[in-house]
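Engineer: Pasting the sequence and the predicted coordinates here, then a few questions.
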Amino acid sequence: MKKNHIFITILVLFSAMLIAGCNVFNSAPQAKTGDTVQVQYTGKLADGTVFDSSVGKDPLQFKLGSGQVIPGFDKAVTGMRVGEKKTVTIPATDAYGERRDDLVAEVSRSQLPSDMMPQVGMQLQSTAKDGSTMVVTITKVTDNTSVTIDANHPLAGKDLTFELELLKIL
């Protein structure tokens, strides 16, 4: 009878701790803004196509809240505990933004180096009037007169799904 009483007492205390939000099994700290973290990830598009992954490579290391990663990725990792895994879908607005038509332009081939043979998919570095640089992708080549360039990020306008695992808080 005394053994049953002790077991019931332990069970009641454990249940009370769970109800109160205490997690005796995972007391690891949560990742918070300002922490440097290491994350293993796989990024997928809506159709399941993998566009990037750190699996089999060095994990991604970054400082939470520093703007080193897209906002939705930062938000997804914040609050995770070491060893925790989760899958999140980040809307385009919290990823690389919506596609912008004003970032697509047709330019004369005379603006390209004379020895360049432009091809669709080729990436070029462009310098803006203010001196800033950006990467543009050739999306169309028209005979010998013009090319269409696109300064949108290749993942702009897409919702992204990430499988995440927090490896370390440094």
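Structural biologist: Thanks, I have the structure now. Numbering: from 1, shown residues only.
Engineer: all strands for the chain, in order.
Structural biologist: Assigned by DSSP state E, the strands in the chain fall at 36-44, 50-53, 60-63, 85-90, 104-108, 123-127, 133-142, 146-150, 160-169.
Engineer: Pick out the residue nearest the middle of the protein.
Structural biologist: What sits nearest the mean C-alpha location of the chain, by CA atoms, centre = their mean, is Phe73, with 4.3 Å.
Engineer: quick one: that residue and Ile90 touch, right?
Structural biologist: Yes. Using CB atoms under 8 Å, Phe73 is in contact with Ile90, at 6.6 Å. From N, CA and C alone the C-beta is placed, and that goes for glycine too.
Engineer: Need the residues touching each of those two.
Structural biologist: Jointly contacting Phe73 and Ile90 under the rule CB atoms under 8 Å, 6 or more residues apart in numbering are Phe162.
Engineer: Go through the strands of the chain and find the least confident stretch.
Structural biologist: Comparing mean pLDDT across those, the weakest is strand 123-127, with a mean of 89.
Engineer: Give the other helices and strands that it contacts.
Structural biologist: In terms of contacts (3 or more CB pairs under 8 Å, 6 or more residues apart in numbering; DSSP states H and E), strand 123-127 is packed against strand 133-142.
Engineer: other SSEs contacting the strand it packs on?
Structural biologist: Here strand 133-142 touches strand 104-108, strand 123-127, strand 146-150, going by 3+ CB pairs under 8 Å, 6+ apart.
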